[in-house]
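Enquirer: Make a model of this:
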Amino acid sequence: MPAGWREKGDEELLALVRDGSHEAFSVLAQRHTERFYRLAYRYLQSREQAEDIVQDAFLKLWEDPVKWQAQRNNKFTTWFYRIIVNLCLDWKRKKKPLELDEDLLLVDERETPDAAMLRTEGEKMLEKEIAALPDRQRTALNLCFEAGLSNQEAADVMGLNLKALQSLIMRAKTTLKERMKTYL
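Expert: Coordinates of the predicted model:
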């Protein structure tokens, strides 16, 4: 790979991908796979399915890189988040959700076994309740809190105005707060 490829911006790499550059595609995929995987995992709660979704999305990009259009002033990541979200929603409509992979839950070595068990159960309950939210509320939460997008970026991904996104987040938080009371 030529020197300086990793310093190129996403848009520059995408222009090279349009010209058939495997190297540019590889750099782009390496740069962003983990962030898109985390988002897909939050939706699907399945390691294998999340990996498949991200791989499928990158494959679609390789096969038709002109779908991303720089002149629309979309950042690559904003546009690609939308692709990941749509693939996840399509999959969830077709398949029954799988259980959360327990080995991906955070572990603190200093915790007592009882405290770790309570925390793990609490995380499972929260994940279950997040998964039960309406798609748009879950999408807003995942984009803002898991993927770390700003509210405006998340609104762009979802094709909403900022106020509509903030309303979705508020409703999701209110619902989760109410539902989690039953576990306490």
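
Enquirer: all helices of the protein, in order?
Expert: Under the criterion DSSP state H, the chain contains helices at 10-18, 22-44, 47-63, 76-94, 113-132, 135-141, 151-158, 162-181.

Enquirer: And for the second one, what's in contact with it?
Expert: With Cβ atoms under 8 Å, 6 or more residues apart in numbering as the test, helix 22-44 has contacts from 1-2, 5-6, 8, 10, 13-14, 16-17, 47, 49-51, 53-54, 57-58, 61-62, 76-77, 80-81, 84-85, 87-89, 91-92, 97-98, 104, 130, 138, 142-143, 146-147. Where C-beta positions appear, they are placed from N, C-alpha and C, glycine not excepted.

Enquirer: quick one, domains of this structure?
Expert: Listed domain ranges for the chain are 1-97, 109-184 (source: automatic domain parsing).

Enquirer: possible to save the ones you listed as JSON lines with mean pLDDT and mean neighbour count?
Expert: Below are the domains of the chain laid out as JSON lines (pLDDT from 0 to 100; neighbours: other Cβ atoms under 10 Å):
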{"stretch": "domain 1-97", "mean pLDDT": "83", "mean neighbour count": "16"}
{"stretch": "domain 109-184", "mean pLDDT": "81", "mean neighbour count": "16"}
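
Enquirer: Nearest residue to the middle of this protein?
Expert: By Cα atoms, centre = their mean, the mean C-alpha position of the chain lies nearest to residue 39, the distance being 1.9 Å.
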